[in-house]
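>>> sequence plus predicted model, see below.
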Amino acid sequence: MISGISVSPGIVIGKALLIQEQQFFINNKKILKKNIDQEIKKFFEARKKTIKEIELIQKKNSKKIEKHQCSIFEGHIMLIEDEEFEQEILLLIQNKHYSAEYSVNQVIEKQALELEKLKDEYLKNRAIDIQDIGNRLIKNILNIENINLENVDHNTILVKRDLTPSETAQINLKKIIGLITDLGSHTSHTSIIACSLEIPTIVGTTNATQKIKNGDIIILDSINNEIHINPEDTTITLKKEIKKKFLYQKQQLKKIKNLFAITLDKHRVEIGANISTPQDIEGAINNGAECIGLYRTEFLFMGRQHLPSENEQFEVYKMVATKMEKKPVIIRTMDIGGDKNLPYIKLPKEENPFLGCRAIRISMMKKEILYDQIKAILRASIFGKLKIMFPMIISVEEVKILKLEIDKIKQQLYEKKCLFDESIKIGVMIETPAAAMLSHHLAKEVDFFSIGSNDLTQYTLAVDRGNDLIANLYDPMSPSVLNLIQTVIHSAHKEKKWAGICGELASDERATALLLGMGIDEFSMSASCIPKIKNIIRNSNFQQCKKIAEKALKQPTSQKLISTIQPLIKKYDEISF
């Protein structure tokens, strides 16, 4: 039995199809000057063919996967048609006399390497997209046929070192019932598409391709993160029972996804979704999100050569506001820095960028960024129920300065007779211990808090969660972290303000009842997690959760804290519909 990272829950039993990586030779020898035009022609013909292939994949999948997941392939086409991408390749052919395939490989490897250096998991995984496009383009230059995953046997479980987005999207769901890869993470596009297809998947196993042989009988249990190779009959019988229960619960969750998150004793909280692009809204609505608890605007600033204009931002924020149809949307201002850098913002190299010039600090240093973004949000606010949230806050002074800046911007809009929501709500992310400890003062200055549990945990415990050597020390269930969160909630409520949570802790089933009892007002998470968290809340008793939370927060260790709330965790594991 082996395991990895479960990214799309389910249990399937089938036969393994092990696909080895395609090997191809890239000629790195210089070409003759007389052959330059021929190499350029090969590049343009291969690019045309590649675009047609991607468009065909997109068309075939338009009904199979959600629109916002299909937009992955729009991004692929945009990259391959990008003028700078084209120019870099042509310069290598014309000036360096490299072959078309070697020139493409050089440009692709350079872009992928830049992304792989980042610590941000989402952005690191975009390197796989770049390589997917590059490999497809190179194969078309070399006239090598790309893998076709449509013509396989029924009840096939696909095993591969890694699946590219285009390979994942080609999967014939009538035949392929599960996916296993050596590489991958929660945020890789393979995982995103697998979740959209609702096909049981375990990625990041490291060695599945070495342990599984072609034709092996496999139980893929991505509920319990288990892969059984040639299992005994008793194991098969047990897994079939678990699968039956899982499918029943899945159907029942669909029925409650659009109901309110209200406890058995009538205490109501709000459940929202975290999004990165307007395309993510469809998934949020389909999973029953009551609001957007976090819109990460930094992705609007990335993958380009210059800042987005005020008008460009306005159109995007207007689209988000309109799509949400008057439901609240919290727009976080640009959170760049740390490991997310922009080539067009020149900042000095920092020894510790996570404690350096990032997020609101950049916006305050470069006021044109702040002004354009706030103006765009304000202008878009009349089309929905937008709220402004500032990240990486550490002091009351920062908030007061930011409020004055907003007042200046409002005055500019008044003078231009530009309409906006004059009572727009302003909040801050609580993601530093400083902000948590000052939350009783900050609550007097803002309308709401949203707790970024990922960074709050990292900064409180002094643990870089991207560092494998100390990853075991990263513990959002630490009493130190949870007591800071409790402080923030109490501070907000004392000033009659609300406090939400938008980090990974919001979708952690172990913590749901605890956070509920601590008094959190809003949970915001990945859209696919909403139904299960909503179900836990609807089967909870708020007063009981309060008593257990009070006791749990007095415990000295994570282990004892979890033991204290274990009766609640066990109860939700046994929920019957």
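The structure has been received and is ready for your questions. Numbering: from 1, shown residues only.

>>> please identify the helix or strand for V7.
strand 5-8 (DSSP states H and E).

>>> from the contact counts, what lies against that strand?
The contact analysis (3 or more C-beta pairs under 8 Å, 6 or more residues apart in numbering; DSSP states H and E) places strand 5-8 against helix 189-197, strand 201-203. Where C-beta positions appear, they are placed from N, C-alpha and C, glycine not excepted.

>>> that strand: partners in the sheet, and parallel or antiparallel?
strand 201-203 (antiparallel) (DSSP bridges).

>>> what are the buried residues along the next helix or strand after the partner strand?
Helices and strands here follow DSSP H and E; after strand 201-203, the next one along the chain is helix 208-211. For helix 208-211, burial by neighbour count (16 or more other C-beta atoms under 10 Å) applies to A208, T209.

>>> for stretch 97-110, same thing?
H97, Y98, S99, A100, E101, Y102, S103, V104, N105, Q106, V107, I108.

>>> and stretch 385-402, what's buried?
385-394, 398-399, 402.

>>> quick one: the strands in the stretch 351-500 of the chain?
In the stretch 351-500 of the chain, the strands defined using DSSP state E, counting those that start in this stretch lie at 385-390, 425-430, 448-451, 498-501.

>>> how near is T333 to E298?
9 Å (C-beta to C-beta, to the nearest Å).

>>> those two: who's more crowded?
T333 (23 against 19; other C-beta atoms under 10 Å).

>>> sorry, back to before: now the buried residues of stretch 97-110 as a markdown table including distance to L413 and secondary structure?
What follows is the buried residues of stretch 97-110, written out as a markdown table (distance: C-beta to C-beta, whole Å; DSSP: H, G, I helix; E, B strand; the rest coil):
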| residue | distance to L413 | secondary structure |
| --- | --- | --- |
| H97 | 56 | coil |
| Y98 | 52 | coil |
| S99 | 55 | coil |
| A100 | 51 | helix |
| E101 | 53 | helix |
| Y102 | 53 | helix |
| S103 | 49 | helix |
| V104 | 47 | helix |
| N105 | 49 | helix |
| Q106 | 48 | helix |
| V107 | 43 | helix |
| I108 | 44 | helix |
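
>>> would you turn the residues you listed into JSON lines with pLDDT and distance to A46?
Formatted as JSON lines, the buried residues of stretch 97-110 follow (pLDDT from 0 to 100; distance: C-beta to C-beta, whole Å):
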{"residue": "H97", "pLDDT": "93", "distance to A46": "19"}
{"residue": "Y98", "pLDDT": "93", "distance to A46": "15"}
{"residue": "S99", "pLDDT": "93", "distance to A46": "12"}
{"residue": "A100", "pLDDT": "93", "distance to A46": "7"}
{"residue": "E101", "pLDDT": "92", "distance to A46": "9"}
{"residue": "Y102", "pLDDT": "93", "distance to A46": "13"}
{"residue": "S103", "pLDDT": "93", "distance to A46": "11"}
{"residue": "V104", "pLDDT": "92", "distance to A46": "8"}
{"residue": "N105", "pLDDT": "92", "distance to A46": "13"}
{"residue": "Q106", "pLDDT": "92", "distance to A46": "15"}
{"residue": "V107", "pLDDT": "90", "distance to A46": "14"}
{"residue": "I108", "pLDDT": "88", "distance to A46": "13"}
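
>>> taking those together, which two end up most distant?
H97 and I108 (19.0 Å; C-beta to C-beta).

>>> thinking again about what came up before, neighbouring contacts of the strand holding V7?
179, 184-186, 191, 194-195, 197-204, 222-225 (C-beta atoms under 8 Å, 6 or more residues apart in numbering).

>>> the helix or strand where A273 lies pairs with which strands?
Using DSSP H and E, A273 falls within strand 268-275. Take DSSP bridges as the rule and strand 268-275 pairs in its sheet with strand 261-262 (antiparallel), strand 291-296 (parallel), strand 522-525 (parallel).

>>> give me the nearest residue to R361, chain neighbours excluded.
Sequence neighbours aside, M392 is the residue nearest to R361 in space, at 6.6 Å (criterion: C-beta to C-beta, 6 or more residues apart in numbering).

>>> surely the one you found and I362 touch.
No: if you go by C-beta atoms under 8 Å, M392 and I362 don't touch, sitting 9.4 Å apart.

>>> can you pull the contacts of I393?
By C-beta under 8 Å, 6+ apart, the neighbours of I393 are I360, V399, V428, M429, I430, T432, A435, L442.

>>> now the third one, which residues is it bridged with?
Spelled out, it's V428. As assigned using DSSP bridges, the partners bridged with V428 are F390, F449.

>>> contacts only, for it.
M389, F390, P391, I393, V399, A435, L442, V446, F449, S450.

>>> switch to 6 Å and redo it
The contact partners of V428, taken as C-beta atoms under 6 Å, 6 or more residues apart in numbering, are F390, I393, V446.

>>> would TSV of those with pLDDT be doable?
TSV is the format used below for the contacts of V428 (pLDDT from 0 to 100):
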residue	pLDDT
F390	97
I393	95
V446	98
